[in-house]
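Asks: The sequence and its predicted three-dimensional model are supplied below.
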Amino acid sequence: MNTGSDVRAQFSDPAGNLAFDEALLREGPVAPVLWLWRNPVSVVVGRGQKIAREVRVAECARDGVPVLRRASGGGTVYHDPGNLNVTLVLPGPADKPLEMLGLVMSAAVEKLGLPPRLGERGLFVGDAKLCGFAVFRTKSGLLAHSTLLIDTDAARVGAYLTAPPPDPKPLDSHRSKVASLSDHGVHPAEGEVESVVRAAAAGLLGPLTPRSPTDAELARRRTLLHTRYHYAQWHADGRQRRD
């Protein structure tokens, strides 16, 4: 039986983090992979979303906030260092790709002292979303990832994301009230949230061995940076570079 892994890596460029996120799936791991990471301030839209419907573009341009596109579906999210990103890559097909991620995040939030409630595309405490979920499949596996708001200011989220449009479309974000751990009165010590998430994942998936990125993962990341994440057209409308 293959032992899962807990990848320890962080890149300063938010596009570079998104590229590595996808690279972990593209390399087709044979056992679960967990990666915890934080991004600089940025807005990240889902694979098929229209930026004009999701993002306050002028405000982002004014404040120098990059607007990026990821490979998975789901809704638009605001990233900053107060928001922990949780990437879980699972090999093989899965009928309920978000089920394991939901279990991991629920166990972590319970350990942090809050009562989680799983809802559509996320985890709630009371009526406010604490974690958003998204998923991306390939033939060999799936990537499910979550955000976990630690101390991100909800007002900043609203400053860069649009209100619900008057003409709802299937790919529009499911907009919800959001609140962080801090808003709920939970103020974890530095590194505590990461430790809790790692313990929750290991409890459900088995041992996860800490490791650095492999050469193959880093090579795949470089390729994805060229074809997608350092290519303006990808972020604008989802078209990737062909040369």
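Replies: Structure's in. What do you need? Numbering: from 1, shown residues only.
Asks: From now on I want contacts and neighbour counts done on CA atoms only, so please keep to that.
Replies: Noted.
Asks: How about the contacts made by the closest residue to Arg117 other than its chain neighbours?
Replies: Counting by Cα to Cα, 6 or more residues apart in numbering, Arg117 lies nearest to Phe124, which is 5.0 Å off, once chain neighbours are set aside. Under the criterion of Cα atoms under 8 Å, 6 or more residues apart in numbering, the contact list for Phe124 reads 116-118, 130-131.
Asks: how close does Phe124 sit to Ala155?
Replies: Here the distance between Phe124 and Ala155 works out to 18 Å (Cα to Cα, to the nearest Å).
Asks: in this structure, which ranges drop under the pLDDT threshold?
Replies: Of all residues in the chain, those with pLDDT under 70 make up the ranges 1, 94-95, 97.
Asks: repeat that for 80
Replies: Applying pLDDT under 80 to the chain picks out residues 1-2, 93-97, 120.
Asks: re earlier: so what's the residue nearest to Arg117 bridging to?
Replies: Judged by DSSP bridges, the bridge partners of Phe124 are Arg117, Lys129.
Asks: which residue ranges form the helices in this structure?
Replies: Listed in chain order, the helices of the chain (DSSP state H) span residues 14-26, 51-54, 57-63, 99-111, 154-160, 192-205, 215-224, 232-237.
Asks: what's the closest non-adjacent residue to Tyr229?
Replies: In space, and not counting its chain neighbours, Tyr229 is closest to Ala15: 5.4 Å by Cα to Cα, 6+ apart.
Asks: who are the neighbours in contact with the one you found?
Replies: Residues in contact with Ala15 (Cα under 8 Å, 6+ apart) are 68, 225, 229-230.
Asks: make it 10 Å
Replies: 21, 39-40, 42, 44, 66-70, 224-225, 228-231, 235 (Cα atoms under 10 Å, 6 or more residues apart in numbering).
Asks: Which residues are in contact with the residue nearest to Ser176 when sequence neighbours are not counted?
Replies: Using Cα to Cα, 6+ apart and skipping the chain neighbours, the partner closest in space to Ser176 is Lys129 (6.5 Å). Applying Cα under 10 Å, 6+ apart, we find Lys129 in contact with 116-119, 121-123, 148-149, 175-180.
Asks: before we move on, the earlier item: could you measure from the residue nearest to Tyr229 over to Ala128?
Replies: In this structure, Ala15 and Ala128 are 28 Å apart, going by Cα to Cα.
Asks: One more: Arg70?
Replies: When distances are taken as Cα to Cα, Arg70 and Ala128 turn out to be 24 Å apart.
Asks: Those two: who's more crowded?
Replies: Looking at Arg70 and Ala128 with other Cα atoms under 10 Å, you find the greater number of neighbours at Arg70, namely 23 against 15.
Asks: mind listing what the more buried one touches?
Replies: Arg70 touches 15, 18-19, 21-22, 44-48, 76, 136, 228-229, 234-235, 238, counting by Cα under 10 Å, 6+ apart.
Asks: Thank you kindly, that will do.
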